[in-house]
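In: here you go, sequence then predicted model.
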Amino acid sequence: MRTPVIAGNWKLFKTADEAATLVSGLIPLVKDTTGVEIVIAPVFTVLDRVSKLTAGTPVKLSAQDCFWEEEGAFTGEISPKMLRDAGCSHVIIGHSERRQYFGETDETVNKKTKAAIAAGLTAIVCVGETLKEREDGIMNDVLKRQVTKGLEGLSSFQAIIVAYEPVWAIGTGKTASDEQAQDAHKYIRQVIKETFGSAPAESTRILYGGSVKPENVKGLMTQPDIDGALVGGASLKADSFGAIVNFGK
Ligand code: PEP
């Protein structure tokens, strides 16, 4: 049994006051939700403020990235240990925007993932093909490379969540159809099975991300290999994120 996860990626949005307003609006909408793991990922600067508001609620806190070293002369970076200290239980790693704009590679994803789980965080590891890669027929090769390299050498998958986010569906309003998403998730689960074994393949939650909204979440969530959603734009409003979290009601 894989507990569904609905995670909100706030990206580069929300000052501390705006974040507090959003969280205060969200908590009453989700406080009675059971059977769903709820995660929000604000910017680093508001983690501390938000963690005080989410304490004692079902809402868990994630960062959007981390570095792999614990501390040292690494100006501008933040470590998994510091994220734990700020109240995080989760961290997003390898988001396509980081791969596209900030030089993230499968190797850095792997280092960050190992460091995150060593520090006691759950890593939400993102994979996904671009439109060109899909059209060129190399989507499965890309997904296989990202999954096998990104998760290489892990001794446990307990604190791993994979997010399948087709790059062409992120922030574009174009959602993968339920069938397209299910096919990719099934393939990713198969790759995990072939590479890491049946137990991690069965237990690892695989989230879909790419223009998830209250209107399309139900169809996605009925697919057998879709275990939740990583939500960008629609996580920035309490009512839409609340409705997505409550997809089963
Ligand atoms: C994301 O940021 O991970 C994402 C899926 O964004 P959106 O829901 O806006 O497409």
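Out: Now that the structure is in, tell me what you want to look at.
In: alpha carbons only for contacts and neighbour counts from here, please
Out: OK.
In: show me where the chain has helices.
Out: Assigned by DSSP state H, the chain shows helices spanning 16-30, 47-54, 80-85, 96-101, 106-118, 131-135, 139-150, 178-196, 198-203, 217-221, 238-245.
In: residues of the fourth one that come out buried?
Out: Right, helix 96-101. 96, 99 (16 or more other CA atoms under 10 Å).
In: quick one: contacts of that helix?
Out: 104-105, 126-128, 165, 167 (CA atoms under 8 Å, 6 or more residues apart in numbering).
In: then the second one?
Out: Defining contact as CA under 8 Å, 6+ apart, one finds that helix 47-54 is touched by 16, 19-20, 23-24, 27, 60-61, 63, 86-88.
In: go again with 6 Å.
Out: 86-87 (CA atoms under 6 Å, 6 or more residues apart in numbering).
In: looking at the protein, which helix or strand does the model trust least?
Out: helix 131-135 (a mean of 94; mean pLDDT, DSSP states H and E).
In: which other helices and strands contact it?
Out: Contacting helix 131-135 under the criterion 3 or more CA pairs under 6 Å, 6 or more residues apart in numbering; DSSP states H and E is no other helix or strand.
In: CA-only coordinates of that helix in CSV, if you can.
Out: Below are the C-alpha coordinates for helix 131-135, written out as CSV (Å, rounded to 0.1, in the frame of the first residue of the first chain):
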residue,chain,number,x,y,z
LEU,A,131,9.1,17.6,-25.8
LYS,A,132,12.0,17.1,-28.3
GLU,A,133,13.1,14.0,-26.5
ARG,A,134,9.5,12.6,-26.6
GLU,A,135,9.2,13.5,-30.3
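In: pull out the buried positions in it.
Out: Applying 16+ other CA under 10 Å to helix 131-135 flags residue 134 as buried.
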